[in-house]
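Peer 1: the sequence and its predicted three-dimensional model are supplied below.
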Amino acid sequence: MSLEKVIDKKKNDLSKLIDKKKIPEHVAIIMDGNGRWATKKGLPRTFGHNKGVTVLKEIIKSSKKLGCKVLTVYAFSTENWSRPKKEVEFLINLFGEVLRNEIEEIHQESIKIKFIGDLTPFPDSLKTVLNRSEDLTKDNEDFALNVCVNYGGRQEIVKVAKKLAIKSISGEIKPNEVNEELFNSELLTQGIKDPELLIRTSGEKRISNFLLWQLAYSEIYISEVLWPDFNENEFLKAIIDYQSRNRRFGGIESLPNKSFKGSYCSS
Ligand code: FPP
C-alpha cells in the first residue's frame, strides 16, 4: 500500500505511524501561503500573517512534544522588504507584539529563542525586544527556536567569505586552512546542527534563499497546504514521509548515526 494510502487510513491517529527512534532533531520550515490564504477568503493579507502566528505556536508545541530539538522558521527574508510598505510595517509590528505576548510562556517551556539574520535595519524598539528575548532564554535547554528575520542565504555566505578573506589577509589564517568546518564556524547558525528536514508549505518547490549552506543534505517535504491551514496532523505527515526515506548522503545506503558528522538525526 502506498504511504499516502496508509496515511489516509490512519488519519485520525497519525502519531501511531511515527517511529520514535527516527525523529528529526532539527526541522526547518518555510511558512508560505499566508497572503494567498487571506486573499482566498476575501480578507486583507495581514489576516493570513495573524493566523500564521497561531499555527506557528501549534507547530512549536507539536515538534517539541514529538521529540524534535530544534525548529528554524523563515519569518522575514531579505527579499521581503520589497513588499508594500504597509505589509512590511505590519510584519515588523507583529514580531514585536508576538514576542512581548509570548516570551514568558516560551521561557517557561524551556525554549531558547534565537534570531538569525541582519537585525540592523529594524527599529530600535524591535531590536530591544529581540535581544531581550534571546537573553532571557539563552540558558534554556529543552528546545531551540530559531527565527530567521531579514535573513538571506547568499548574503550569509558572502559575509563568511569576506570574514575569512580578511582573516587571511591579516595572517590570522592561511588560505589553505579554509575548509567546511572553518566556514561553518563563521555562519550565523554556528553551533547549530544542520536541519535533517525542510518543510515548505503552499506547494511551492523552491528554497528561496533559505539556509543555502545548511540545507545541503536535508530532506525536502513540500506540503500543498497553505501555512495558515497547516497543523499538527500535516506536520506529522511530513515526519512520516521523512521517516520513509532512505538517507544516503551521496553514498549507496543509509549511514549509521555515528559515522556521519553532518546532519543525521542522533535521537
Ligand atoms: C509567507 O507568506 C509568510 C511570511 C512572509 C511571514 C511569516 C511570519 C509569521 C507567520 C509570523 C511569525 C512571527 C514570529 C514572531 C516568529 P506570504 O505572505 O509569502 O504568502 P503568499 O506567498 O501567499 O503571498
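Peer 2: Okay, I see it.
Peer 1: what's stretch 200-215 in contact with?
Peer 2: Contacting residues not belonging to stretch 200-215 are listed as 28-33, 36, 72, 74, 77-79, 148, 151-154, 156-157, 183-184, 187, 189, 192, 194-195, 198, 220-227, 230, 234, 263 [Cβ atoms under 8 Å, 6 or more residues apart in numbering]. C-beta here means a position set from N, CA and C on the backbone, and glycine is covered the same way.
Peer 1: show me what contacts residue 100?
Peer 2: Applying Cβ under 8 Å, 6+ apart, the residues near residue 100 are residue 129.
Peer 1: that one should be in a helix, yeah?
Peer 2: Yes. Remark: residue 100 belongs to a helix, assigned using DSSP: H, G, I helix; E, B strand; the rest coil.
Peer 1: gap between it and residue 108?
Peer 2: 15 Å (Cβ to Cβ, to the nearest Å).
Peer 1: report pLDDT for residue 154.
Peer 2: We have a pLDDT of 98 for residue 154.
Peer 1: please apply the same query to residue 13.
Peer 2: So, for residue 13, pLDDT stands at 83.
Peer 1: the ligand contacts on this protein?
Peer 2: Listed as neighbours of the ligand in the chain under the rule Cβ under 6 Å from any ligand atom: 31-36, 49, 52-53, 56, 75, 80, 94-95, 98-99, 147.
Peer 1: in strands only, show me those residues.
Peer 2: Counting by DSSP state E, the residues of the chain next to the ligand place 75, 147 in strands.
Peer 1: of the residues of the chain next to the ligand, which belong to helices?
Peer 2: 34-36, 49, 52-53, 56, 94-95, 98-99 (DSSP state H).
Peer 1: just the buried ones from the contacts of stretch 200-215?
Peer 2: With burial judged by 16 or more other Cβ atoms under 10 Å, the buried subset of those is 28-33, 36, 72, 74, 77-78, 148, 151-153, 156, 184, 187, 189, 192, 194-195, 198, 221-223, 225-227, 230, 234, 263.
Peer 1: mind checking which of those residues are in strands?
Peer 2: Using DSSP E, the buried ones among the contacts of stretch 200-215 in strands are 28-30, 72, 74, 77, 148, 151, 198, 221-222.
Peer 1: got these as TSV, with pLDDT columns?
Peer 2: As requested, those are arranged in TSV below (pLDDT from 0 to 100):
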residue	pLDDT
28	98
29	99
30	98
72	98
74	98
77	97
148	98
151	98
198	98
221	98
222	98
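Peer 1: what lies in contact with stretch 229-237?
Peer 2: Stretch 229-237 is contacted from outside by 7, 11, 14-15, 17-18, 31, 33, 37, 55, 58-59, 61-63, 66, 199, 201, 223, 225, using Cβ under 8 Å, 6+ apart.
Peer 1: could you pick out the buried ones from those residues?
Peer 2: Buried among the contacts of stretch 229-237 by 16+ other Cβ under 10 Å: 7, 14, 17, 31, 33, 37, 55, 59, 62-63, 66, 199, 201, 223, 225.
Peer 1: okay, and residue 114 sits in which element?
Peer 2: Assessed by DSSP states H and E, residue 114 sits inside strand 111-116.
Peer 1: now for that strand, which elements pack on it?
Peer 2: With contacts taken as 3 or more Cβ pairs under 8 Å, 6 or more residues apart in numbering; DSSP states H and E, strand 111-116 sits against helix 124-137, strand 143-151.
Peer 1: what's the neighbour count on residue 219?
Peer 2: A total of 19 residues lie near residue 219 under the criterion other Cβ atoms under 10 Å.
Peer 1: partner residues bridging it?
Peer 2: Counting by DSSP bridges, residue 219 forms beta bridges with residue 197.
Peer 1: that one contacts residue 238, correct?
Peer 2: No. The criterion here is Cβ atoms under 8 Å, and residue 219 misses it with residue 238 at 9.4 Å.
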